[in-house]
Structure formats: structure tokens, C-alpha cells
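Undergrad: sequence isn't available, so here's the structure alone:
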Ligand SMILES: CCCCC[C@H](S)C(=O)N[C@@H](Cc1ccccc1)C(=O)N[C@@H](C)C(=O)O
Ligand SMILES: [Zn+2]
């Protein structure tokens, strides 16, 4: 089948019938189109052959629906990332089924995690093409699932911005892990599906240079740039207190920790993506709690770095130094 994004063809094996695999590493992945009245989903469970199972509507061919194929393929890639890199078996760490539904709403320019599954809009073809087509979107939404099973960060204000930022961080890093860091545009969010008619304009948000993007009119703050420093954080009520706005401040810290750079006069020596993702995953699963904001995010990341890359004869490791410098650089005390 053709994946609508990469254009690559995938062979999706499927065994008709029930039965769950005994292999804990195979997680049934269900992808189906939004159910129209009267059609019942027909389950193809193919865990036995190392493929993931998927669910399609009776009479509607999964194979003819690029959005369903993309949502399914991206779910597998993100799940593989969490299993291989963080030793986490699916969203709950316990092999729970990963369910996606595509064609949500009409020309919906969004995707979401509804507490149980991922939902994808088709986009309006101007702002977005089908959001199921981007792996970093799948990684973003699936990470909301992981967050809900771990720190469960409250989705508003500062904790909501950290929630959104971690969703972007693991969305981007899982995509880079799977596709390789082909270009700096991988530190953009949604670059594969954002403004399909405008080539080369990156994604909806930039982690490497948040200010390079203007806030969308949706937040009623047209022409404001995304912030890249805590002093420039948005303090209003729009967007649940700016969860998609202030997330860029923490995104910048993650970018600096991984890639290094100089920001607001502070120099950070990067420690690479593979160490950065370990520090944030440990922060998420060991230290952050529902009310955690920027200050607690800084402390959790520093502690996680110390745990993973211990001080040597009383001096912080290079990894810990990078985390401290990055949070200094974005102005989080
Ligand atoms: C239903 C209510 C809104 C849910 C918001 C979801 S979690 C979300 O954050 N979606 C992402 C989708 C995305 C991800 C990566 C790249 C591009 C787009 C998001 O950023 N949504 C923006 C458009 C928003 O909701 O403001
Ligand atoms: Zn989100």
C-alpha cells in the first residue's frame, strides 16, 4: 500500500481472525476511518506475524485510504521508538492497543489525543494537508497518551505548556530517530503537512528558532512571534493560557541541550539527541507531576542529567552543564 506522505509502499500483512499474540512486543495497532452510521469495524488482527493489527470498516478498504495507512504506519514507528529507545511497551507501558481514527470532522486543521486514542483531521489543504501524514504529529499525540499515564501534566498554563513541549520534543525526536536527521527542518513541527502549497516554510512551530514563526490567527495574537525566552511568555487566557505558545520556550531548551548554540548571551555545548531524549524521558517518568511548570521542568531535567551522567569529583558532567546552561539561556531560574 502507498503511504500518503512518504510515497513509499508498504506491505501490510494481515491474518484474518482473532487471537492475540503471546509476544509482548507486538502491540495491536488499530486504525480505522471515522465510522459512518451502520458500518461496523471489521478487525484484522495480525499480531501473530509480527505485524500490528488494524481495524477497518467493513466494506471500506483500508488499503485505499492513505490517511488510514499513514496513521497506522506512523503509529507503528512511534511505538517502535518508545520500545527501542525508552523500553516502553506502548502508551501505558503495558501493551495497550494504539487506536487512531482519521477523517475526523470536516477539513479539521488539527489532531488530538482524546484520553483514549489519537484523532486526525484531514486539514483544509491550505493550512494543513492530512495531519495523519506527519510522523511528528503522531509522535506528538501519542506522547500526550504517555504523559497521561505518567506525569499527567495538567493541560493549562505552565504545566500545559510543558505538556505540549514534551509532546513536541518526543514528536520531533521520534521522527528524527525513524527518518534520520535529514535536515535541520526535522526540528520543525509538522513540516511534512504544514501549508502544502508553500514549499520550504518549515512547520507550524520551530524548536530550533521559535521566533522564526508567527502565532496563527487562531490565538488572536496574529503577527506575534512564538517566544524563545521565559520573560516573553504569554500570560493571557487564550489557548488555555498559551499551552501551544509557551511550549516553544521549553522546546528551545531541548534544542539547545541536543544541538548546542548561543542564546540570549548564554553558550550551550550540545550533548546530542540520544542523551537529550533520555534526560527528558526520565524527567517525564520519574520527576514531573501534574502541577509541574517551567521551574520544576528545569529541576527535573538537571536531576535526570545528574542521575544518568553523574558528577565527577564534585563537578557536574558535561551533560548536566548543558542542561543548566540551556535553562539559563531561556531564562528559567
Ligand atoms: C482538540 C483540541 C486541541 C487539541 C490540541 C492537540 S493535543 C495538539 O496540540 N495538536 C497539535 C497538532 C500538531 C502537532 C505537530 C505539528 C502540527 C500540528 C497542534 O499543535 N495543534 C495546534 C494547531 C493547536 O491546537 O493550536
Ligand atoms: Zn498537543
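TA: Done, it's in. Since this is a predicted model, take the numbers as computed values, not measurements. Ligands and ions are numbered 1, 2, ... in the order given.

Undergrad: and the gap between the residue nearest to residue 331 when sequence neighbours are not counted and residue 109?
TA: Of all residues not flanking residue 331 in the chain, residue 230 sits nearest, at 3.8 Å (Cβ to Cβ, 6 or more residues apart in numbering). No exception for glycine: its C-beta is placed from N, CA and C like everyone else's. With distances taken as Cβ to Cβ, to the nearest Å, residue 230 is found 29 Å from residue 109.

Undergrad: likewise for residue 263?
TA: As judged by Cβ to Cβ, residue 263 and residue 109 stand 30 Å apart.

Undergrad: and the pLDDT for residue 29?
TA: Here, the pLDDT recorded for residue 29 equals 59.

Undergrad: again, but for residue 66
TA: Looking at residue 66, its pLDDT reads 86.

Undergrad: run a quick neighbour tally on it.
TA: 18 (other Cβ atoms under 10 Å).

Undergrad: can you pull the contacts of the closest residue in space to residue 92 that isn't next to it in sequence?
TA: Once flanking residues are discounted, residue 92 sits nearest to residue 149: 4.8 Å by Cβ to Cβ, 6+ apart. Each residue near residue 149 by Cβ atoms under 8 Å, 6 or more residues apart in numbering is listed here: 91, 92, 93.

Undergrad: most neighbours out of those, which is it?
TA: Most surrounded of these: other Cβ under 10 Å gives residue 91, at 28 neighbours.

Undergrad: ok, that one touching residue 145?
TA: Yes: shown here, residue 91 and residue 145 form a contact pair, counting by Cβ atoms under 8 Å, at 3.9 Å.

Undergrad: state which helix of the protein is the longest.
TA: Assignment by DSSP state H gives helix 157-179 as the longest helix of the chain.

Undergrad: who does that helix touch, helix- and strand-wise?
TA: Helices and strands touching helix 157-179, as assessed by 3 or more Cβ pairs under 8 Å, 6 or more residues apart in numbering; DSSP states H and E, comprise helix 66-86, helix 135-149, strand 188-189, helix 238-242, helix 247-259, helix 273-282, helix 294-308.

Undergrad: list the buried residues for that helix?
TA: 157-178 (16 or more other Cβ atoms under 10 Å).

Undergrad: near ligand 1, list only the ones from these.
TA: Filtering the buried residues of helix 157-179 for proximity to ligand 1 by Cβ under 6 Å from any ligand atom leaves residue 171.

Undergrad: between the two ends of stretch 111-126, how far is it?
TA: Using Cα to Cα, to the nearest Å, one end of stretch 111-126 lies 16 Å from the other.

Undergrad: next: stretch 303-312.
TA: When the termini of stretch 303-312 are compared using Cα to Cα, they are 15 Å apart.

Undergrad: in the stretch 51-200 of the chain, which residue sits nearest ligand 1?
TA: Closest approach of the stretch 51-200 of the chain to ligand 1 (Cβ to the nearest ligand atom) occurs at residue 190, with a separation of 2.9 Å.

Undergrad: wait, what's in contact with that residue?
TA: Shown in contact with residue 190 (Cβ under 8 Å, 6+ apart): 128, 131, 134, 136, 137, 203, 204, 205.

Undergrad: do you know how far residue 303 is from residue 249?
TA: Distance from residue 303 to residue 249, by Cβ to Cβ: 20 Å.

Undergrad: correct me if wrong: residue 71 contacts residue 132.
TA: Yes: using Cβ under 8 Å, residue 71 is in contact with residue 132, at 4.0 Å.

Undergrad: overlap of the contact sets of the two?
TA: Common contacts of residue 71 and residue 132 (Cβ under 8 Å, 6+ apart): 100, 102, 120, 138.

Undergrad: need the max-distance pair from those.
TA: Spatially, the most separated pair among the shared contacts of residue 71 and residue 132 is 102 and 138, at 11.1 Å (Cβ to Cβ).

Undergrad: identify the contacts common to the two.
TA: Shared contacts of residue 102 and residue 138, defined by Cβ under 8 Å, 6+ apart, comprise 71, 132.

Undergrad: of those two, who's got more company?
TA: Taking other Cβ under 10 Å, residue 102 and residue 138 do not tie; residue 138 has more neighbours (30 against 26).

Undergrad: so what's the more buried one up against?
TA: Residue 138 makes contact with 71, 74, 75, 77, 78, 100, 111, 118, 132, 171, according to Cβ under 8 Å, 6+ apart.

Undergrad: 7 Å instead?
TA: Contacts for residue 138 (Cβ atoms under 7 Å, 6 or more residues apart in numbering) come out as 71, 74, 75, 78, 118.

Undergrad: which one's the longest strand in this protein?
TA: For the chain, the strand with the greatest residue count under DSSP state E is strand 98-104.

Undergrad: that one close to ligand 1?
TA: No: using Cβ under 6 Å from any ligand atom, strand 98-104 stays clear of ligand 1, coming no nearer than 9.4 Å.

Undergrad: I'd like to know which elements that strand is packed against.
TA: For strand 98-104, the packing partners by 3 or more Cβ pairs under 7 Å, 6 or more residues apart in numbering; DSSP states H and E come out as strand 29-33, helix 66-86, strand 118-121.
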